[in-house]
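*Asks:* 3D, please:
(one chain, ligands or ions: 1)
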Amino acid sequence: MPPNIVHDAKGLPRIILTEPTGSSAEVLLYGGQVVSWKNERREELLFMSSKATWKQPKTIRGGIPVCFPQLGNFGSLEQHGFARNRMWSLDSCPSPLPPANSQSSVDLILKPTEEDLKIWPHSFELRLRVSLGAGKLTLIPRVRNTDKKTFSFMFSLHNHFSLSDVSEVRVEGLETLDYLDNLMQRERYTEQADAITLDGEIDRLYLSTPSKIAIIDHEKKRTFVLRKEGMPDAVVWNPWDKKAKALPDLGDEDYKTMLCVDSAALETPIVLKPFEEWKGRQELSTVSSSYCSGQLDPRKVLYGFS
Ligand code: TA6
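*Replies:* Predicted structure coming up:
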């Protein structure tokens, strides 16, 4: 049986995914956005702003917005592209993937409207499969060029992780990499720290990262493991206190319990010839990490999974 579309109090149609261990995920047709992922103990794993705007055409601050066809704010396109501000549809024909035919998976599709073609004149099909498994959430985005001409685009899954205290978190897997610092006019630096810890605003694009990144929440004794394919870069963002106050749809204190670590294809845009399709993949999972003042060997967290 395919998943049901529910119309809830917030007025946006959503699909609720469930699986036998009791975990769940909620996906909106609006933006193709995952807005909730709960583990088998019903604990929310994704951050959602306490002041999120749940009304079109606004973006919803939290969960996993899909950013396409650009990241950032250039030209006439809206910030991070329009895909996150459009109503998607259920995709009954996700070929060559077999149709999602269970309560734990859904296929969505976005095609451009006449208005979209005026601001980004390329015909495309953007597909997203969201699959929930025991302890993991997998997103498979695809973009097909249905135009007569080659086009290029950027893409990101703007993951908002829910954390107990961002100032106690370590992000591992990005050490020694080059990054562009958005707080320094995108100047290029090399990461010197053996892990990223935060004590202020951060907005960086790490380039050509490994396929696994770990986000270690010491207080919750929980580690998020992000694995990605087809999206070589990773954005790390937290607005911290001052910028949080300037964002109307973010609670003043919300920055303390969130961190964005995005899977992104940004530095080198993806180029598609007519009829070609690009496919990415992101898998989020959690493992318990019993960190206690330096006992944790980060390598075990990062590489203890295959
Ligand atoms: O992913 C990093 C970033 O581009 C930051 O520069 C910051 O603007 C953030 O995304 C949030 O963007 P949004 O449009 O969702 O407010």
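
*Asks:* going forward, measure contacts and count neighbours with C-alpha atoms only.
*Replies:* Will do.

*Asks:* low-scoring stretches of the stretch 151-300 of the chain, by residue?
*Replies:* When the per-residue scores of the stretch 151-300 of the chain are filtered using pLDDT under 70, the ranges that remain are 290-300.

*Asks:* who are the contact partners of the closest residue to residue 240 other than its chain neighbours?
*Replies:* Counting by CA to CA, 6 or more residues apart in numbering, residue 201 is the residue found nearest to residue 240 once chain neighbours are left out, at 4.8 Å. Residue 201 sits next to 237-241 when contact means CA atoms under 8 Å, 6 or more residues apart in numbering.

*Asks:* tell me which two in those are the farthest apart.
*Replies:* The distance between the two most remote of these (CA to CA) is 12.8 Å, for 237 and 241.

*Asks:* show me which of the two is the more surrounded one.
*Replies:* Between residue 237 and residue 241, residue 237 has the larger neighbour count (other CA atoms under 10 Å), namely 20 against 16.

*Asks:* thought the more buried one was touching residue 204?
*Replies:* Yes: contact between residue 237 and residue 204 holds when scored by CA atoms under 8 Å: they sit 6.6 Å apart.

*Asks:* which residues of the stretch 51-200 of the chain fall in helices?
*Replies:* Counting by DSSP state H, counting those that start in this stretch, the stretch 51-200 of the chain has these helices, from start to end: 114-119.

*Asks:* and it, which residues reach the ligand?
*Replies:* Applying CA under 6 Å from any ligand atom, one finds that the stretch 51-200 of the chain approaches the ligand through 72, 79.

*Asks:* related to what we said a few turns ago, the contacts of residue 201 also near the ligand: which ones?
*Replies:* Checking the contacts of residue 201 against the ligand (CA under 6 Å from any ligand atom), the matches are residue 237.

*Asks:* between the contacts of residue 201, which is nearest the ligand?
*Replies:* residue 237 (5.2 Å; CA to the nearest ligand atom).
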